[in-house]
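Chemist: Here's my sequence, what's the structure:
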Amino acid sequence: MEIKPYSREGESKKAEVRQMFDRISPVYDFLNGLLSLGIDRIWRRKALSLIPDSPEGSEVLDVATGTGALAIQGAEMYPQYRFVGSDISEGMLEIGRVRVAKRGLSDRISLEPGDSENLNYESNRFVCVTAAFGVRNFENLDAGLSEMYRVICPGGRIIILEFSRPRIFPFKQLFNFYFRFILPFIGRIISKDARAYSYLYESVQQFPDYERFVGKLTGAGFKNSRFIVLSLGICCIYTGEK
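Modeler: Predicted coordinates:
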């Protein structure tokens, strides 16, 4: 069963995801920090630390970049690289471009509209492709991973940060209660969107996490694929090489 934000008949998941992020874009980053107690920045730093050493001027693509949070943090960590962010939500990108400009990073970060399942970039261009909390929103996950594989140069790396379901008792039960009931309530009040943060919970339940996602990476052509568990399983970092 396909999980969509609004479950409107005749409307694609991609269209609904675009509308959802356009709608919640003004409060998206604030809510991420609030609902994760600021841990989301630590998660992104851990993922970014896995970017491979590459020649100065190499390019990193951040797919489903949203407001460019990962790209901005990456550009601050790696001043020798250029970051390109791609997203289907122009509302998120507009906020990201303002933040990029305020940080004086416009010469090293470009935020561009784009479809993750049909990336508008030549093959073998990027030394690394990243995605933070975005791949579970893909309408066709396999197509999106195949496109990410295509644009990575030989020897390059994919790094995906995504929510997972904790496995350890009793943290699993406690976090599931928070994720299913408390987080959607807070998200609904602040974002004014009745469905966005309920969809977050539902999409994570359906997402093929842990070993299953490693299998997806292997199926897309990546080798040495693995996952790293963060914060007792709230999320994982997945990596693979081309």
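
Chemist: Excluding chain neighbours, what is closest to residue 113?
Modeler: Nearest non-adjacent residue to residue 113, counting by CB to CB, 6 or more residues apart in numbering: residue 90, 6.0 Å away. Just so you know, the C-beta spots here come from the backbone N, C-alpha and C atoms, and that holds for glycine as well.

Chemist: Please, where are all the strands along this structure?
Modeler: Counting by DSSP state E, the chain forms strands over residues 59-63, 82-87, 109-113, 126-132, 152-163, 223-230, 235-241, given from the N-terminal end onward.

Chemist: Including mean neighbour count, distance to residue 173 and mean pLDDT, could these go into JSON lines?
Modeler: Rendered in JSON lines, the data for the strands of the chain read as follows (neighbours: other CB atoms under 10 Å; distance: least, CB to CB, whole Å; pLDDT from 0 to 100):
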{"stretch": "strand 59-63", "mean neighbour count": "26", "distance to residue 173": "33", "mean pLDDT": "98"}
{"stretch": "strand 82-87", "mean neighbour count": "24", "distance to residue 173": "34", "mean pLDDT": "98"}
{"stretch": "strand 109-113", "mean neighbour count": "19", "distance to residue 173": "39", "mean pLDDT": "98"}
{"stretch": "strand 126-132", "mean neighbour count": "26", "distance to residue 173": "26", "mean pLDDT": "98"}
{"stretch": "strand 152-163", "mean neighbour count": "20", "distance to residue 173": "17", "mean pLDDT": "97"}
{"stretch": "strand 223-230", "mean neighbour count": "15", "distance to residue 173": "18", "mean pLDDT": "98"}
{"stretch": "strand 235-241", "mean neighbour count": "22", "distance to residue 173": "18", "mean pLDDT": "98"}
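
Chemist: Make a markdown table from those strands and add distance to residue 184 to it.
Modeler: A markdown table is the format used below for the strands of the chain (distance: least, CB to CB, whole Å):
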| stretch | distance to residue 184 |
| --- | --- |
| strand 59-63 | 26 |
| strand 82-87 | 23 |
| strand 109-113 | 28 |
| strand 126-132 | 20 |
| strand 152-163 | 14 |
| strand 223-230 | 22 |
| strand 235-241 | 18 |
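
Chemist: Tell me the pLDDT of the residue nearest to residue 113.
Modeler: In the prediction, the pLDDT value recorded for residue 90 is 96.

Chemist: One more: residue 1?
Modeler: 66.

Chemist: same question, the one 3 residues further on
Modeler: According to the predicted model, the pLDDT of residue 4 comes to 89.

Chemist: Please identify the buried residues of the helix or strand of the chain with the lowest mean pLDDT?
Modeler: Counting by mean pLDDT, DSSP states H and E, the weakest-scoring helix or strand in the chain turns out to be helix 28-35, with a mean of 84. Of the residues in helix 28-35, those with enough neighbours to count as buried (16 or more other CB atoms under 10 Å) are 28-29, 31-32, 35.

Chemist: Name the nearest of those residues relative to residue 21.
Modeler: Residue 21 lies nearest to residue 28 out of the buried residues of helix 28-35, by CB to CB, at 7.1 Å.

Chemist: ok, now which ones touch that closest one?
Modeler: The neighbourhood of residue 28, defined by CB atoms under 8 Å, 6 or more residues apart in numbering, consists of 21, 66-67, 92, 95, 191.

Chemist: And residue 167, how far from residue 233?
Modeler: Here the distance between residue 167 and residue 233 works out to 5 Å (CB to CB, to the nearest Å).

Chemist: who has more neighbours, those two?
Modeler: With neighbours defined as other CB atoms under 10 Å, residue 167 and residue 233 compare such that residue 233 has more, 18 against 12.

Chemist: Thanks a lot, see you next time.
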